[in-house]
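Colleague: Below is the sequence, then the predicted model.
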Amino acid sequence: MNIVICNNYGELSKKAAHIIKEQINDKQNSVIGLATGSTPLGTYSELIDLYKKGKINFSDTITFNLDEYYRIKKDHPQSYDYFMNENLFNHINIDKKNTHIANGDADNPNDECESYNKMLDSIGGIDLQVLGIGSNGHIGFNEPAQELSARTHLVKLTSKTIEDNSRFFNNVSDVPTQALTMGMADILKAKKIIILISGVNKAKIAAEMFKNRITTQVPASMLHMHPNTTVLIDKDAASMLP
Ligand code: F6R
């Protein structure tokens, strides 16, 4: 893994946006894998800025989001569909037909996962995948477990993730307990990966991730096996690295 230590969150966000811009400028119809949560917000706001300055054109860009809560309606303010529209898609010239987010309100989640996998396969996989990391080491919603799933699947969220994400909801009991997430193979097949790690609350898991071992109990440690991963980490999150 290529590790870039950034002075602060602002620098990390600028660097991440720059990498995405270069990817799209090199290949207009790039397939970009997107994450939600707090960490990529700065990156998305930088991308909006670059778009407004005419430095990036999303008209042919294709996106696939990593995950969505289950069960949640698209218009719920905490759905990842809503998040992407509010924080990126509504502010750039992307064709919404080219954006993909699993339907967290599908009656049959397994069918929904299967159709998401088919769309991913038909598009030929992801050129650049953007990741965050959960404080328990999850990527997408691939939670620490004895076994991880290869493809998009329905997953039960751990109590740690539910607790972490309760900050976005009125009550911890309002957080959906399941999610649809791309699997580890879907992520690791991406040609390039950038993982964004920011804040002192990620320092412990960042240190775990960089240990010289790969374990399904820290799903992000599997990125050691990927040939083109860049870790953008700010000084706070890097504070416990050897
Ligand atoms: C969200 C996702 C998750 C988040 C992770 C960190 O689409 O894939 O893995 O990246 O939970 O979330 P934040 O950035 O809110 O700490």
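Modeller: Great, that's in hand. Residues are numbered from 1 along each chain as shown.
Colleague: so where does residue 12 fall, helix or strand?
Modeller: helix 9-26 (DSSP states H and E).
Colleague: And the average pLDDT for that helix is what?
Modeller: Helix 9-26 shows a mean pLDDT of 98.
Colleague: Likewise for stretch 100-117?
Modeller: 98.
Colleague: Now do the end-to-end distance for that stretch.
Modeller: End-to-end distance for stretch 100-117, by C-alpha to C-alpha, to the nearest Å: 11 Å.
Colleague: for that stretch, which positions count as buried?
Modeller: 100-106, 109, 112-113, 116-117 (16 or more other C-beta atoms under 10 Å). From N, CA and C alone the C-beta is placed, and that goes for glycine too.
Colleague: quick one: the closest residue to residue 189 other than its chain neighbours from residue 230, how far?
Modeller: Excluding its sequence neighbours, the residue lying closest to residue 189 (C-beta to C-beta, 6 or more residues apart in numbering) is residue 125, at 5.0 Å. Shown here: residue 125 relative to residue 230, a distance of 18 Å by C-beta to C-beta, to the nearest Å.
Colleague: Just want to know which of the two has more residues nearby.
Modeller: Neighbour count, other C-beta atoms under 10 Å: between residue 125 and residue 230, residue 230 has more, with 18 against 14.
Colleague: May I ask which helix or strand encompasses that one?
Modeller: Counting by DSSP H and E, residue 230 is found in strand 229-234.
Colleague: For that strand, name the packing helices and strands.
Modeller: Helices and strands touching strand 229-234, by 3 or more C-beta pairs under 8 Å, 6 or more residues apart in numbering; DSSP states H and E, are strand 2-6, helix 9-26, strand 192-197.
Colleague: Which strands and helices lie in contact with the shortest one?
Modeller: This means strand 2-6. helix 9-26, strand 229-234.
Colleague: May I see the buried residues of that strand?
Modeller: Neighbour counts over strand 2-6 (16+ other C-beta under 10 Å) mark 4, 6 as buried.
Colleague: how near is the residue nearest to residue 189 to residue 186?
Modeller: Applying C-beta to C-beta to residue 125 and residue 186 gives a distance of 8 Å.
Colleague: can you check residue 11 too?
Modeller: 29 Å.
Colleague: Close to the ligand: what parts of this protein are there?
Modeller: For the chain, the residues in contact with the ligand (C-beta under 6 Å from any ligand atom) are 35-39, 66-67, 132-134, 138-140.
Colleague: Helices of the protein, start to end?
Modeller: For the chain, applying DSSP state H gives helices covering 9-26, 41-52, 80-87, 109-123, 159-165, 184-188, 203-209.
Colleague: so which of those helices comes closest to residue 60?
Modeller: Nearest to residue 60, of all the helices of the chain, is helix 9-26, at 8.5 Å by C-beta to C-beta.
Colleague: Give me the helices and strands touching the closest one, please.
Modeller: So helix 9-26, by 3+ C-beta pairs under 8 Å, 6+ apart, packs with strand 2-6, strand 31-34, helix 41-52, strand 128-131, strand 192-197, strand 229-234.
Colleague: Can you redo those as a markdown table, where the extra columns are mean pLDDT and distance to residue 77?
Modeller: Output for these, formatted as a markdown table (pLDDT from 0 to 100; distance: least, C-beta to C-beta, whole Å):
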| stretch | mean pLDDT | distance to residue 77 |
| --- | --- | --- |
| strand 2-6 | 97 | 30 |
| strand 31-34 | 98 | 18 |
| helix 41-52 | 98 | 15 |
| strand 128-131 | 99 | 22 |
| strand 192-197 | 99 | 23 |
| strand 229-234 | 98 | 28 |
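Colleague: Buried deepest among the helices and strands packed on strand 229-234, which one?
Modeller: strand 192-197 (a mean of 24; mean count of other C-beta atoms under 10 Å).
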